[in-house]
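> quick one, fold the following:
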Amino acid sequence: EIQLEQKTDSCRLHGTLEVNKLADHFHFFGAHAHISPMGVQNTAMNFSHRIDHLSFGLPTPGLIQPLNGDLKIANSSSQVFQYFLEVVPTVVQTSYANVETYQYAVTEKTRTIDHGTGSHGMPGIFIRYEISPLKITVKEVLRSYWLLLIEIGGIFGGVYATSGMIHSLISIIYDAIFKQCSNNQVSNDIKRKSINDDNSPGIAIGITPDSSSVM
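Numbers count the residues shown, from 1 in each chain. Okay, the predicted model is just below:
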């Protein structure tokens, strides 16, 4: 059931539709509308619109609907707005309730009708959907506090082991650098001492023979 609320130069549609679990579509346009009675035949219309809410199945609090709040502005009266929806049945199982609902992904396309370039059709809003044969089950799994404590302990153990490895690596690098610096310092000291020894004044020792001991 679709209801129409007329407000000056715009209108608001709200309601529900019963659809089969097959690929199908519903649309809104000005002339010969199958669903929407908002137009007058042969009258150009601006199909700027905003989708406040669009969902499949029973209302489910907290479920994100991709098209909620989607706004489109038409630049001319010959624009076509197309939405392609892939609808997936979803079962949410919690400790409080089991909910069967539907999620969907959407692809949007906008084009301007120009018969001269081969872009045919009728201006309007077209929503095409396809129900997936697959079903997604989201299940709540309760975990004990012991598992939580084990995971926390594993995290702390990993942090401790990693910090130990980092400390060892830093120590190895520091020792290698310090040892190299020490070797360079010792080598420089030896060279400096050798240079000093070469430049020190020599000591001449003269021995004068004793004349009394010469025969």
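
> can you give me phi and psi for the closest residue to residue 89 other than its chain neighbours?
Closest residue to residue 89 apart from its sequence neighbours, by CB to CB, 6 or more residues apart in numbering: residue 135 at 4.5 Å. No exception for glycine: its C-beta is placed from N, CA and C like everyone else's. Torsion angles at residue 135 (phi, psi; degrees, to the nearest 10) stand at phi -130, psi 140.

> tell me which element residue 105 is part of?
For residue 105, the host element (DSSP states H and E) is strand 98-112.

> give me the contacts around that strand.
Contact with strand 98-112 is made by 55-58, 60, 63, 65-67, 70, 72, 75-76, 78-92, 119, 129, 136, as judged by CB atoms under 8 Å, 6 or more residues apart in numbering.

> try it again at 7 Å.
With CB atoms under 7 Å, 6 or more residues apart in numbering as the test, strand 98-112 has contacts from 56-58, 60, 63, 66-67, 76, 78-92, 119.

> how about stretch 61-81?
Stretch 61-81 is contacted from outside by 44-55, 83, 101, 103-106, 110-113, 121, 123-126, using CB under 7 Å, 6+ apart.

> so among the residues you listed, which ones count as buried?
Neighbour-count burial (16 or more other CB atoms under 10 Å) applied to the contacts of stretch 61-81 gives 45, 47, 49, 51, 55, 83, 101, 103-104, 106, 113, 123-126.

> how is this structure carved up into domains?
By the assignment in automatic domain parsing, the chain contains the domains 2-139, 143-194.

> so how far is the last one off the chain centroid?
Yep, that's domain 143-194 we're talking about. Mean-position distance between domain 143-194 and its chain equals 36 Å (CA atoms, centre = their mean, to the nearest Å).

> average pLDDT across that domain?
The average pLDDT within domain 143-194 is 78.

> again, but for stretch 110-117
Rounded mean pLDDT across stretch 110-117 is 85.

> still on that earlier bit, what's the spacing between the strand holding residue 105 and its chain's center?
20 Å.

> what's the answer for stretch 76-94, then?
Relative to its parent chain, stretch 76-94 has a centroid offset of 22 Å by CA atoms, centre = their mean.

> any buried residues in that stretch, and which?
78-85, 87-90, 92.

> could I get the residues you listed as a markdown table with pLDDT?
Shown next, in a markdown table, are those (pLDDT from 0 to 100):
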| residue | pLDDT |
| --- | --- |
| 78 | 84 |
| 79 | 88 |
| 80 | 90 |
| 81 | 93 |
| 82 | 94 |
| 83 | 96 |
| 84 | 96 |
| 85 | 95 |
| 87 | 94 |
| 88 | 93 |
| 89 | 93 |
| 90 | 91 |
| 92 | 85 |
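
> which among the residues you listed gets closest to residue 162?
Comparing the buried residues of stretch 76-94 against residue 162 with CB to CB places residue 92 closest, at 38.4 Å.

> having no further points to raise, I will conclude here.
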